[in-house]
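A.B. asks: coords below, sequence missing:
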């Protein structure tokens, strides 16, 4: 089942499975902005990542001396969400703990994904994580929206596009060794000039910029063209910019993260995990980003 949001110029489709954004289509131009999950390249569009972002070492972690197993990016993306509310331009979808989640994640939680479409063709997404347990919970959360690049494959190619990051500065760039963060490989990324898309930049996985909660905007567009996407990230810890390197996949993902993969020297204890969020009972964490389509 799907939830539809709509204004005068765009129509948005959200699947109840994983609360995944599946389509943003312009009524005026017919442009489909979202990657359509072709399994030949990557069979998802915009999965929501919870309660981990990235890979755990050996797909496991410990909590109170017990070991739990969890695969990359967690389980939210593969679960059915409840539609709590749905109106023409806003919807709230919810996932709560269950016997199945408790077997791999020993915390009681409520995860709401809130979609809000404005008349200015901006789609806002907010994550609201509520601790309904009697103890602190530990989690990461994030988005993984992928965009069709090029938007017009008949006349354009991937390398015609660029991304531009504001503020313009030299960001700390985290590097992965395999699927894990290695601080010894940490480098920088200069955003004073736009970055032209090149597949070689993704040979070692995503470009990961450390945001540390600073409001950030990323424009993804074709050089000298009028169509693209601007993502405004309110308060994320990191952003990952990614495509499949070895398949010439026609998409680019821009991923706001409140958390990150394990480090190469992680001890496995979830309470010690780099980038983890800790939330007290009865408290709610929120993180948000928006996408403007033009």
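C.D. replies: Okay, I see it. The shown structure was predicted, so the numbers you read here are calculated from the model rather than taken from an experiment. Numbers count the residues shown, from 1 in each chain.
A.B. asks: contacts and neighbour counts: CA atoms only from here.
C.D. replies: OK.
A.B. asks: give me every residue that touches residue 51.
C.D. replies: By Cα atoms under 8 Å, 6 or more residues apart in numbering, the residues touching residue 51 are 73, 74, 75, 76, 139, 140, 141.
A.B. asks: and of these, the nearest to residue 93?
C.D. replies: The closest of those to residue 93 turns out to be residue 76 (Cα to Cα; 11.6 Å).
A.B. asks: What count of nearby residues applies to the spatially closest residue to residue 136 that is not a sequence neighbour?
C.D. replies: What sits nearest to residue 136 in space, not counting adjacent residues and going by Cα to Cα, 6 or more residues apart in numbering, is residue 280, at 4.5 Å. Residue 280 is flanked by 16 other residues according to other Cα atoms under 10 Å.
A.B. asks: For residue 280, give me the pLDDT.
C.D. replies: Looking at residue 280, its pLDDT is 98.
A.B. asks: quick one: it and residue 132, what's the gap?
C.D. replies: Note on residue 280: its distance to residue 132, by Cα to Cα, to the nearest Å, is 9 Å.
A.B. asks: Tell me the secondary structure of residue 115, please.
C.D. replies: strand (DSSP: H, G, I helix; E, B strand; the rest coil).
A.B. asks: how many neighbours does it have?
C.D. replies: 22.
A.B. asks: hang on, it packs against residue 88?
C.D. replies: No: taking contacts as Cα atoms under 8 Å, residue 115 lies outside contact range of residue 88: 10.8 Å.
A.B. asks: Quick check, central residue of the protein?
C.D. replies: Centroid-nearest residue in the chain, with Cα atoms, centre = their mean: residue 143, separated by 1.8 Å.
A.B. asks: who does that residue bridge with?
C.D. replies: As for beta bridges, residue 143 partners with residue 48 under DSSP bridges.
A.B. asks: Tell me the backbone dihedrals of residue 200, please.
C.D. replies: Per-residue torsions, residue 200: phi -60, psi -20 (degrees, to the nearest 10).
A.B. asks: What sits closest to it if chain neighbours are left out?
C.D. replies: Leaving out its chain neighbours, residue 200 is closest to residue 245 (Cα to Cα, 6+ apart), at 7.1 Å.
A.B. asks: and what of residue 96?
C.D. replies: That would be residue 110: by Cα to Cα, 6+ apart, it lies 4.6 Å from residue 96.
A.B. asks: Can you get me a residue count around residue 137?
C.D. replies: Neighbours of residue 137 under the rule other Cα under 10 Å: 21.
A.B. asks: possible to save the contacts of residue 51 as JSON lines with secondary structure?
C.D. replies: As requested, these are exported to JSON lines (three-state DSSP):
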{"residue": "73", "secondary structure": "coil"}
{"residue": "74", "secondary structure": "strand"}
{"residue": "75", "secondary structure": "coil"}
{"residue": "76", "secondary structure": "helix"}
{"residue": "139", "secondary structure": "strand"}
{"residue": "140", "secondary structure": "coil"}
{"residue": "141", "secondary structure": "strand"}
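A.B. asks: residue ranges for the strands of the stretch 1-150 of the chain, please.
C.D. replies: Per DSSP state E, counting those that start in this stretch, the stretch 1-150 of the chain carries strands over the ranges 2-6, 10-15, 20-26, 48-49, 60-63, 66-69, 82-87, 90-96, 109-117, 122-131, 137-139, 141-143, 146-148.
A.B. asks: Where does the prediction get shaky in the stretch 1-150 of the chain?
C.D. replies: Residues of the stretch 1-150 of the chain meeting the criterion pLDDT under 70: none.
A.B. asks: need the contact list for residue 242.
C.D. replies: Residue 242 is in contact with 202, 205, 206, 207, 252, 253, 254, counting by Cα under 8 Å, 6+ apart.
A.B. asks: please redo it, this time with the cut-off set to 6 Å
C.D. replies: Residues counted as contacts of residue 242 (Cα atoms under 6 Å, 6 or more residues apart in numbering) are 206, 252, 253.
A.B. asks: Tell me the spacing between it and residue 42.
C.D. replies: Note on residue 242: its distance to residue 42, by Cα to Cα, is 12 Å.
A.B. asks: Equivalent analysis for residue 284, please.
C.D. replies: In terms of Cα to Cα, residue 284 sits 33 Å off from residue 42.
A.B. asks: neighbours of the spatially closest residue to residue 53 that is not a sequence neighbour, just the number please.
C.D. replies: Excluding the flanking residues, the one nearest residue 53 by Cα to Cα, 6+ apart is residue 73, at 4.5 Å. With neighbours defined by other Cα under 10 Å, the count for residue 73 comes to 23.
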